[in-house]
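Engineer: Could you work out the structure for the sequence below:
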Amino acid sequence: MSANPFYLPALVRPEPSRSGLEAPYWEATRRGELAIQRCSGCGTFQWGPEWICHACHSFDLTFEPVRPRGRIYSWERVWHAVDPRLIDSCPYLVVLVELPEAGGVRVVGNLLGDSSQSVTIGAAVDAVFEDHDDYTLVQWRSAQPEAT
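Structural biologist: Below is the predicted model of the structure:
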């Protein structure tokens, strides 16, 4: 029998909003891209998706692919599952990742690897696209050093 390929196998499938506002984000993840909403008027990135720009109040917003690399802004080792289906997955690591090339917006995800690993604020992480049948989750892993 093969091991389950998913980081948190019991994770509940994300449900899209009725408005479909975040659909371009999910479409990008299926292509292995990280896309963040950006105002076409003032160029401000923002997360989560909204109908209006937080900076200039324009309604002209798009999703723009950004480099899938960020830095750990904050993190937590989860010992107590928020959903009974995740009890067997504890502990696991949740990170708040700041995306410097997307105006510093922050996104939440899981940090892959050993749940007892040391986690450092400011450490570089790369996005990992975890494909499921009908959606793709963005997870994070410690980044490999970049070639100079």
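Engineer: Give me the residue ranges of the chain where confidence is low.
Structural biologist: Counting by pLDDT under 70, the chain has low-confidence residues at 1-4, 12, 16, 18, 147-148.
Engineer: in it, which spans are strands?
Structural biologist: Secondary structure of the chain, counting by DSSP state E: strands at 34-39, 45-46, 61-66, 69-78, 92-99, 105-111, 124-131, 136-142.
Engineer: deepest of those, which one?
Structural biologist: strand 34-39 (a mean of 22; mean count of other Cβ atoms under 10 Å). C-beta: built from backbone N, CA, C; applies to glycine.
Engineer: Sheet partners, orientation included, of that strand?
Structural biologist: The pairing partners recorded for strand 34-39 under DSSP bridges are strand 45-46 (antiparallel), strand 61-66 (antiparallel).
Engineer: what does the first one rub up against?
Structural biologist: The set of residues external to strand 45-46 that reach it, using Cβ atoms under 8 Å, 6 or more residues apart in numbering, is 36-39, 53-55, 61, 64, 66, 99, 102-105.
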